[in-house]
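1. Fold the following and give me the result.
(chains A and B)
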Amino acid sequence: MAAVTMAGALNRALHDAMDDDDRVVVFGEDVADLGGVFRVTDRLAERFGSDRCFDTPLAESGIVGTAVGMAMYGYRPVVELQFDGFSYPAFEQITSHLAKMPNRSRGTVRLPVVVRIPFGGGIGAVEHHSESPEALYAHTAGLKIVTPSTPSDAYALLRASIASPDPVLFFEPKRRYWTKEDVELPVTAEPPGTAVIRRPGSTATLITYGPTVATCLEAAEAATEEGWELEVIDLRSLVPLDIDTLVSAVERTGRAIVVHEASVFGGLGAEVAAELLERAFWSLEAPVLRVGGFDIPYPASQLEHYHLPDVDRVLDAVERSLDY
Amino acid sequence: MVRDPSVPDPSTLLPPDRPIQLLDSEGTYRADPDWAIDLSDGQLVELYRMMVMARQIDAQSITLQRQGQLGVYASLRGQEAAQVGSAFALAPQDWVFPSYRELGVALTRGMDPRELLHVFRGTWLGAHDPAKHHFGLITISIGTQALHAAGFAMGVRLDGADCCAVVYLGDGATSEGDVHEALNFAAVFDAPCVFFVQNNQYAISMPVTRQTKAPTIAHKAVGYGMPGYRCDGNDVLASYAVMRRALEHARGGGGPVLVEAETYRMEAHTTADDPTRYRDDSELEHWRSRDPITRFEVFLRDRRLIDDDLVDTVAQAATAEAQAVRAAIYDAPHGDPLELFDHVYAEPTPRLRAQRAQLAAELAGQDA
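-> The predicted structure follows:
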């Protein structure tokens, strides 16, 4: 067993995918010689040549739009958008073409494109580098939205995303890039669309994904002092969303709290809460609660810790749930 | 893939002072040794046949819209030479990335016009298989397909294939950011991509003179390090010759080319538009006198390649095809509502399966 970081696991997944399929190409800003600003594409250009891993001009719409064209030609592009806030210049290509062309063409065109997006806050970055835009894209039919929380999942889910015939937006929790796990790669996981129980518990269920999985696990550990056994579920995939696993959980615990970094209003938590109300109403002992960022533009780095959900805010929500 | 292209001398990239024209507005052939035409007599007649066909089906489509059979339609009238001439220069393996006004290109590629009209009828959003005629899906959001063409050409280049991507754009599209990014990507990666801009003088109501301060649209090429070509887009021979040269340049590893074909949109932007609010009859009259089909017909008659009989035969064949299109549109089945869920993903998600079942139940309830 070797300790692997999430960034290292993602890098290994790219190496292995390019090894297995010579139609896989990697491109984006600073991904070749530099190896990406987070080094996720480290040494790909060196190993596979500048035809298969190359830097592009600084233009995000161009990156996604040309990925669509290359996929139409027959390649399987894996592109990097350097930061979450820079996915917005590519918004039209993602929502109007990447998401829609397979349907528009009645399935004659498939776009096996993976758009990797480092997302979320907590790294003390300047503006536009800490956004959580996943709900914008989850609301767009035709995309699959995947987000790992551990190194081994990062490896397995990225491999599965690259193998997928559908376009995938792959959200990488950037403040967890350096999280280590003892794991022997390669590993496989259930296909995207399957949530996983990270920690069993019977008092209440914490439902989360990406960067806040670690926050929730920490909260669950702290909660044992109160005598609470908190279950933690990692969604791993927002589209498709594994509602069945969440319904079973609520049938066991009766209480659910959804946790994410993104602003609460109109976020994934709202979707999960509504689904649980529709499908597990009689199992619920309390309303499904949401813990997330405030409904404000992402704050400056000195103030971001007031905005990001932390262990205390999660435990406060658990207490409110138990008080019902 | 990234190379260090030697920076070209900008003066070699500049477009000509006047657009290339081989047929003057009277239809007289002005031979230009730089732009020799290599078409057989049969091919020359074929160009004529395609232009007449495009005009007839176009007219029929406008009528179908007036009769409520199409929701909306964007006419190519006036642009037949630019479209047929340029598309005729393509090799079968080349790919077209069209906007929504490309009936003439589609016909020249061998596409069945009924497949294009799906979009305007509202049966489906795109429907045809692009791989069949190497003709991409109609793109309505302006200029966005330029990036698909550039990316496709990047793929061609990686593969070392003998193929060009050709994107058809309008003058308005050249203001879009995606077109800028596409020109830049194509140039940086030496991608075999031709940007064919039909400058039809208007983006809905906006004249090209207010769209850009560039001396001509073709001049924009210089800033990207690619050559800019210009042709009289109402001259089918010039449109063919210039496009052929552009394709040779791209195919030969010379990288992308920006071609501007100067033409005029004789009809409204779409059937939903009222052009009398922004342009006057004298302008229309001027361009009517430069009609691409009339001009080419004079040339063909001078060469004794057509006579009254052949003109009649071509017109009758076009009318018959337009009638067949009309009948097919009238008889076209409605879209299948349950198909709405089938192509969103390669494998429908559980939610989509459930929603499909829901709609099926609603439909069964209506029938009951």
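2. which helices and strands sit right next to the lengthiest strand in chain A?
-> Ranked by number of residues, the top strand in chain A under DSSP state E is strand A:256-263. Applying 3 or more Cβ pairs under 8 Å, 6 or more residues apart in numbering or on different chains; DSSP states H and E, one finds that strand A:256-263 contacts strand A:204-208, helix A:212-223, helix A:243-253, helix A:268-280, strand A:289-293, helix A:311-323. For the C-beta atoms, the positions are set from N, CA and C on the backbone; glycine is no exception.
3. again, only using 7 Å
-> In terms of contacts (3 or more Cβ pairs under 7 Å, 6 or more residues apart in numbering or on different chains; DSSP states H and E), strand A:256-263 is packed against strand A:204-208, helix A:212-223, helix A:268-280, strand A:289-293, helix A:311-323.
4. And for that strand, what's in contact with it?
-> Applying Cβ atoms under 7 Å, 6 or more residues apart in numbering or on different chains, the external contacts of strand A:256-263 come out as A:120-121, A:132, A:134-135, A:204-209, A:211-212, A:215-216, A:250, A:267-269, A:272-273, A:276, A:288-295, A:308-309, A:314, A:317-318, A:321.
5. Just want the angle from that strand to helix A:268-280.
-> Here the directions of strand A:256-263 and helix A:268-280 differ by 160 degrees (axes from the mean of the first three to the mean of the last three Cα atoms, to 10 degrees).
6. Next, the angle from strand A:256-263 to helix A:212-223.
-> 130 degrees.
7. Give the pairing partners of strand A:256-263; include direction for each.
-> Sheet pairing of strand A:256-263 (DSSP bridges) gives strand A:204-208 (parallel), strand A:289-293 (parallel).
8. What are the boundaries of the helices in the chain?
-> Here I'm looking at chain A. For chain A, helices defined by DSSP state H occupy the ranges A:6-20, A:44-48, A:60-73, A:91-92, A:101-104, A:134-138, A:151-163, A:212-223, A:243-253, A:268-280, A:304-307, A:311-323.
9. Actually, chain B is the one I wanted.
-> Counting by DSSP H, the helices of chain B are B:10-13, B:41-66, B:80-88, B:103-108, B:113-121, B:130-133, B:145-159, B:177-188, B:220-224, B:236-249, B:281-288, B:292-302, B:308-331, B:350-367.
10. what sits up against stretch B:153-161?
-> A:51, A:66, A:69-70, A:73-75, B:1, B:163, B:165, B:186, B:189-193.
11. go on, stretch B:218-225?
-> Contacts of stretch B:218-225 (Cβ under 7 Å, 6+ apart): B:7-8, B:10, B:13-15, B:174, B:183-184, B:187, B:214, B:227-230, B:258, B:260.
12. Now list the buried members of the residues you listed.
-> B:13-15, B:174, B:183-184, B:187, B:214, B:227-230, B:258, B:260 (16 or more other Cβ atoms under 10 Å in any protein chain shown).
13. mind listing what's buried in stretch B:254-264?
-> B:255-264.
14. Contact partners for the residue nearest to the spatial centre of chain B?
-> Geometric centre of chain B, nearest residue: residue B:102, 3.6 Å, by Cα atoms, centre = their mean. Counting by Cβ under 7 Å, 6+ apart, residue B:102 touches B:83, B:168.
15. how deep is the residue lying closest to residue A:173 once chain neighbours are set aside tucked in, by neighbour count?
-> Spatially, and ignoring its direct neighbours in sequence, residue A:173 is nearest to residue A:211 (3.6 Å; Cβ to Cβ, 6 or more residues apart in numbering or on different chains). Using other Cβ atoms under 10 Å in any protein chain shown, residue A:211 has 25 other residues around it.
16. quick revisit: would you single out the least confident of the helices of chain B?
-> Least confidently modelled of these is helix B:113-121, at a mean of 89 by mean pLDDT.
17. Near chain A, which residues of chain B? Just list them.
-> B:1-2, B:124-127, B:129-131, B:137, B:141, B:144, B:147-152, B:154-156, B:158, B:177-178, B:181-182, B:184-185, B:188, B:342-346, B:349-351 (Cβ under 7 Å from any Cβ of the partner chain).
18. Tell me the buried residues within those residues.
-> Buried among these by 16+ other Cβ under 10 Å: B:1, B:124-127, B:130, B:137, B:144, B:147-152, B:154-156, B:158, B:178, B:181-182, B:184-185, B:188, B:343-345, B:349.
19. follow-up on the earlier one: of the contacts of strand A:256-263, grab the buried ones for PyMOL.
-> PyMOL command restricting these to the buried ones, with burial defined by 16+ other Cβ under 10 Å:
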select buried, chain A and resi 120+121+132+134+135+204+205+206+207+208+209+211+212+215+216+250+267+268+269+272+273+276+288+289+290+291+292+293+308+309+314+317+318+321
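20. and residue B:338, what is it in contact with?
-> Residue B:338 touches B:356, B:359-360, counting by Cβ under 7 Å, 6+ apart.
21. Quick check, pLDDT for residue B:1.
-> At residue B:1, pLDDT is 51.
22. Look up how far residue B:21 lies from the closest residue to residue B:266 other than its chain neighbours.
-> Nearest residue to residue B:266 in three dimensions, chain neighbours excluded: residue B:78, at 3.5 Å (Cβ to Cβ, 6+ apart). Residue B:78 sits 16 Å away from residue B:21, going by Cβ to Cβ, to the nearest Å.
23. What of residue B:65?
-> From residue B:65 to residue B:21 the distance is 33 Å (Cβ to Cβ).
24. For the closest residue to residue B:263 other than its chain neighbours, the count of nearby residues, please.
-> Distance criterion Cβ to Cβ, 6+ apart; nearest residue to residue B:263, sequence neighbours excluded, is residue B:233 at 3.3 Å. When neighbours are defined as other Cβ under 10 Å, residue B:233 has 32 of them.
25. What of residue A:171?
-> 27.
26. Read off the pLDDT value for the residue lying closest to it once chain neighbours are set aside.
-> Nearest non-adjacent residue to residue A:171, counting by Cβ to Cβ, 6+ apart: residue A:147, 4.1 Å away. With respect to pLDDT, residue A:147 scores 98.
27. can you count the residues close to residue A:147?
-> 28.
28. neighbours around the closest residue to residue A:189 other than its chain neighbours, how many?
-> Nearest non-adjacent residue to residue A:189, counting by Cβ to Cβ, 6+ apart: residue A:156, 3.6 Å away. Other residues within reach of residue A:156, judged by other Cβ under 10 Å, total 23.
29. show me what contacts residue A:156?
-> By Cβ under 7 Å, 6+ apart, the neighbours of residue A:156 are A:187-189.
30. distance of it from chain B?
-> 18 Å (Cβ to the nearest Cβ, to the nearest Å).
31. Could you do residue A:227 as well?
-> 37 Å.
32. Could you do residue A:201 as well?
-> Counting by Cβ to the nearest Cβ - residue A:201 and chain B are separated by 26 Å.
33. Now do the same contact list for that residue.
-> With Cβ under 7 Å, 6+ apart, residue A:201 has these contacts: A:220, A:229-231.
34. Equivalent analysis for residue B:140, please.
-> residue B:100.
35. ok, residue B:53 - contacts?
-> Residue B:53 touches B:107, B:318, B:321, counting by Cβ under 7 Å, 6+ apart.
36. For the last one, which non-adjacent residue is closest in space?
-> Going back to what we said before, that points to residue B:321. Per Cβ to Cβ, 6+ apart, closest to residue B:321 is residue B:53, 6.1 Å.
37. so which residue of the stretch 151-300 of chain B comes closest to chain A?
-> Among the residues of the stretch 151-300 of chain B, residue B:151 lies nearest to chain A; the distance is 2.4 Å by Cβ to the nearest Cβ.
38. Please give me every residue in contact with that residue.
-> With the criterion set at Cβ under 7 Å, 6+ apart, residue B:151 makes contact with A:65-70.
39. Now with 10 Å, please.
-> A:27, A:62-73, A:75, A:77, A:113, B:97, B:165, B:182, B:185-186, B:189, B:191, B:193 (Cβ atoms under 10 Å, 6 or more residues apart in numbering or on different chains).
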